[in-house]
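Asks: Predicted model and sequence follow; I will ask about them next.
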Amino acid sequence: WGAPPPGGPGGQAPWGSGWGGPPPAAKPGVIPLRPLGVGELLDGAVSTMRTYWRTVLGISLTLAVLTEIAAVLLQGFVLDDANTEVLDDPSATLGELTDVMGDLLLSSAALYGITLIGTVAATALLTTVTSRAVLGRPVTTGEAWRDARPQVLKLFGLILLLGLIAVGIAAVGALPGILVSVSAGAEVGFGLTLLGLLAAAVFAAWLMVRLSLASPALMLEKQGIVTAMRRSARLVRGSWWRVFGIQLLAAIIAYVVAAIIVIPFTFLAAAFSGDGVTGFVSTAGGDIGWTFLIISGIGSVIGSMITFPITAGVTVLLYIDQRIRREALDLELARAAGVQGPGATGGS
């Protein structure tokens with residue numbers, strides 16, 4: 001791919017040779033083995049889900065159900081006990097407000113941890129499935145787990161490290177404003193704190209995009225955490241805006257799809273619980289019961305079952321595309337898929 005045309009000097013083809021460009025790229029699996037466009041990346045993720053739907057949807061459904069059951073139980077037994085009415089009470093003491101905020105932060109962290117576990121497991125398993133789909137090779141859930149298992153703990157460590165880095169950047173950005181607020185008053189330091197947080201957010205976004213391909217690098221190349229982060233930075237270098245745009249588009253699509261599924265279930269849950277939709281909206285969901293949690297949880301499961309493969313698939317295919325562009329990975333993939341000749345086309 002990209003070789004000059006045959007012929008005389010300057011790459012000119014002989015008169016009448018009929019050269020019409022390079023032969024079509026081999027396509028043993030869900031993508032052609034050449035640099036991909038945005039539409040091909042999205043189509044590859046959807047094609048993986050459609051072609052290997054038993055494995056992909058089975059993994060996504062299982063993890064979404066387990067994650068949502070844990071989240072519903074946590075919300076029903078723990079979060080519902082938090083007396084959030086104190087936050088609306090102007091006579092509440094500082095100690096009461098601190099206790100309620102601490103409970104809410106702890107519960108939110110627990111919910112985030114549950115979601116993180118499900119996301120990491122889905123990413124690990126679906127990375128294996130997508131990599132096999134590129135070669136046109138079927139894979140079962142058991143095979144995906146056996147291949148991903150040695151790297152799962154490292155993947156947890158990678159995601160936790162990225163989260164800590166983002167929090168650390170935010171803390172460093174806000175620190176000057178906080179120090180000024182302590183010494184000269186909140187009115188003086190507020191603007192500086194806001195400016196620092198804004199600068200930290202921009203830098204964190206830039207860094208997270210640079211490291212966004214560390215997950216597939218860690219899973220597919222069996223790398224360590226730091227090595228995978230460096231690998232991602234090298235692959236993204238010079239293509240930051242492209243990687244950012246594709247991942248943002250995939251995230252927007254996944255969010256819209258999830259919203260289309262989850263919002264009707266949320267209103268249905270509100271209609272079947274307590275005071276109905278009007279009462280739910282007027283109280284902002286303050287008194288959430290088991291009926292609401294279960295029905296809305298079903299919607300969340302369906303949404304996650306569809307969005308997990310999209311986000312994970314696009315990230316893996318983007319990693320493969322960057323390696324094709326920089327390292328001619330398409331030649332290795334063609335040999336691994338048993339494709340003979342540069343223009344051979346396998347079944348997808």
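Replies: Great, that's in hand. Numbering: from 1, shown residues only.

Asks: And the strands in the stretch 201-348 of the chain?
Replies: For the stretch 201-348 of the chain, no strands are identified by DSSP state E, counting those that start in this stretch.

Asks: okay, and for it, where does confidence drop off?
Replies: Per-residue confidence for the stretch 201-348 of the chain (pLDDT under 70) gives these ranges: 274-288, 339-348.

Asks: Grab the longest helix from this protein for me.
Replies: helix 141-184 (DSSP state H).

Asks: for Ser60, what are its contacts?
Replies: Ala122, Leu126, Ser304, Met305, Ile306, Phe308, Pro309 (C-beta atoms under 8 Å, 6 or more residues apart in numbering). From N, CA and C alone the C-beta is placed, and that goes for glycine too.

Asks: want to try JSON lines for those, with neighbour count as columns?
Replies: Below are these laid out as JSON lines (neighbours: other C-beta atoms under 10 Å):
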{"residue": "Ala122", "neighbour count": "24"}
{"residue": "Leu126", "neighbour count": "31"}
{"residue": "Ser304", "neighbour count": "25"}
{"residue": "Met305", "neighbour count": "22"}
{"residue": "Ile306", "neighbour count": "18"}
{"residue": "Phe308", "neighbour count": "26"}
{"residue": "Pro309", "neighbour count": "26"}
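
Asks: Distance-wise, check Val256 relative to Thr119.
Replies: Computed with C-beta to C-beta, to the nearest Å, the distance linking Val256 and Thr119 is 19 Å.

Asks: Quick check: phi and psi at Val30.
Replies: phi -90, psi -10 (degrees, to the nearest 10).

Asks: Give me the neighbour count for it.
Replies: 25 (other C-beta atoms under 10 Å).

Asks: Spatially nearest residue to it (excluding sequence neighbours)?
Replies: Distances taken as C-beta to C-beta, 6 or more residues apart in numbering put Ser47 closest to Val30, at 4.1 Å, once the chain neighbours are dropped.

Asks: you'd agree Ala71 is up against Leu111?
Replies: Yes - using C-beta atoms under 8 Å, Ala71 is in contact with Leu111, at 5.9 Å.

Asks: okay, these two: which has more neighbours?
Replies: Per other C-beta under 10 Å, whichever of Ala71 and Leu111 has more neighbours is Ala71, with 19 against 16.

Asks: quick one: that one from Leu293, how far?
Replies: Taken as C-beta to C-beta, the span from Ala71 to Leu293 is 9 Å.

Asks: Over to Tyr52?
Replies: Distance from Tyr52 to Leu293, by C-beta to C-beta: 32 Å.

Asks: so what's the most centrally placed residue in the chain closest to, chain neighbours aside?
Replies: Compute the mean C-alpha point of the chain, and by C-alpha atoms, centre = their mean the closest residue is Thr311, 4.9 Å away. Using C-beta to C-beta, 6+ apart and skipping residues adjacent in sequence, the residue nearest Thr311 is Ala254, 5.2 Å away.

Asks: All the helices of the stretch 201-348 of the chain, residue numbers only.
Replies: 214-220, 225-236, 240-272, 276-282, 290-327, 329-337 (DSSP state H, counting those that start in this stretch).

Asks: tell me the most buried of these?
Replies: Highest mean neighbour count among the helices of the stretch 201-348 of the chain (mean count of other C-beta atoms under 10 Å): helix 214-220, with a mean of 25.

Asks: And for it, what's in contact with it?
Replies: Under C-beta under 8 Å, 6+ apart, the answer for helix 214-220 is 123-124, 127-128, 131, 148, 151, 154-155, 158-159, 162, 223-225, 228-229, 231-232, 235, 315-316, 319-320.

Asks: what do you get if the cut-off is 6 Å, keeping everything else the same?
Replies: 123, 127, 131, 151, 154, 158, 223, 228-229, 231-232, 316, 319 (C-beta atoms under 6 Å, 6 or more residues apart in numbering).

Asks: Can you say which two of these are spatially most distant?
Replies: Ser131 and Met229 (19.6 Å; C-beta to C-beta).

Asks: one step back: can I get the helices of the stretch 201-348 of the chain in JSON lines with distance to Gly29?
Replies: Formatted as JSON lines, the helices of the stretch 201-348 of the chain follow (distance: least, C-beta to C-beta, whole Å):
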{"stretch": "helix 214-220", "distance to Gly29": "15"}
{"stretch": "helix 225-236", "distance to Gly29": "21"}
{"stretch": "helix 240-272", "distance to Gly29": "19"}
{"stretch": "helix 276-282", "distance to Gly29": "46"}
{"stretch": "helix 290-327", "distance to Gly29": "11"}
{"stretch": "helix 329-337", "distance to Gly29": "7"}
